[in-house]
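A.B. asks: Need coordinates for the following:
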Amino acid sequence: MEILTKTEVQKRYEEITEKIAQGLVFIHPSDTIYGLGCNALDEKAVAKVRKLKQQFHQPMSIWVPSIEWVKKNCVLNTPAEDALKKLPGPYTIVLKLKKKNVLAQNVTLGKETIGIRLPDHWFGKVVAKAGIPIITTSANKNGQKFMTSLQNLEKEIEQEVEFIIYEGPKEAHPSKIMNVVEGWMKER
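C.D. replies: Predicted structure coming up:
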């Protein structure tokens, strides 16, 4: 397992985006907390993330490569378009998918909705360059404290990821959830 800084990632964009496309599981920074990520199109990689998190019964959120990806793959009504104006930012916006097969089946667990993120963070350039959505879920086991530094990263998760992109301790909280399908917002 390799720990990479922002500078190292920027020097190795091609290599990192290729690793993401190949389905490697990794930890990434965001505008809120550290996330556990993988290619959201790769069923085996998503299964590994689910096993690490011990999260088997609820859909996972994705970090989208662009607003264009959202427009192409999600149903956009007026509330959805209004919510998208908040991006990039610290939000997870729940939208209805146009087709279920745009992501690995085990991302949504058969549901017609997906939580999308487009954080205001430099790592978004890596996701955009990869051109695919990635899983973005807190880097912790389900129900445990989320990772804000290397010191509180669970050993089991650390041992199973291929690389960690680390930028120091974070004091933020998880993203706010805006469910435009059901019409509610929740701060975690």
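A.B. asks: Name the helix or strand for residue 129, please.
C.D. replies: For residue 129, the element it lies in under DSSP states H and E is helix 124-130.
A.B. asks: For that helix, output the C-alpha coordinates as PDB.
C.D. replies: This file holds the C-alpha atoms of helix 124-130, laid out as PDB (Å, rounded to 0.1, in the frame of the first residue of the first chain):
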ATOM      1  CA  GLY A 124     -12.100  16.100  -8.900                       C
ATOM      2  CA  LYS A 125      -9.600  16.700 -11.700                       C
ATOM      3  CA  VAL A 126      -8.400  13.100 -11.300                       C
ATOM      4  CA  VAL A 127     -12.000  11.800 -11.400                       C
ATOM      5  CA  ALA A 128     -12.700  14.000 -14.500                       C
ATOM      6  CA  LYS A 129      -9.500  12.700 -16.200                       C
ATOM      7  CA  ALA A 130     -10.500   9.100 -15.500                       C
END
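A.B. asks: Nearest the middle, which residue of this protein would you pick?
C.D. replies: Against the mean C-alpha coordinate of the chain, by CA atoms, centre = their mean, the closest residue is residue 136 at 1.7 Å.
A.B. asks: who does residue 38 bridge with?
C.D. replies: residue 135 (DSSP bridges).
A.B. asks: Mind pulling the model confidence for it?
C.D. replies: Predicted confidence (pLDDT) for residue 38: 98.
A.B. asks: residue contacts, it?
C.D. replies: Residue 38 sits next to 20, 23-26, 45-46, 48-49, 134-135 when contact means CB atoms under 8 Å, 6 or more residues apart in numbering. Where C-beta positions appear, they are placed from N, C-alpha and C, glycine not excepted.
A.B. asks: Looking at the residues you listed, which are in strands?
C.D. replies: Using DSSP state E, 26, 134-135 are the members of those that sit in strands.
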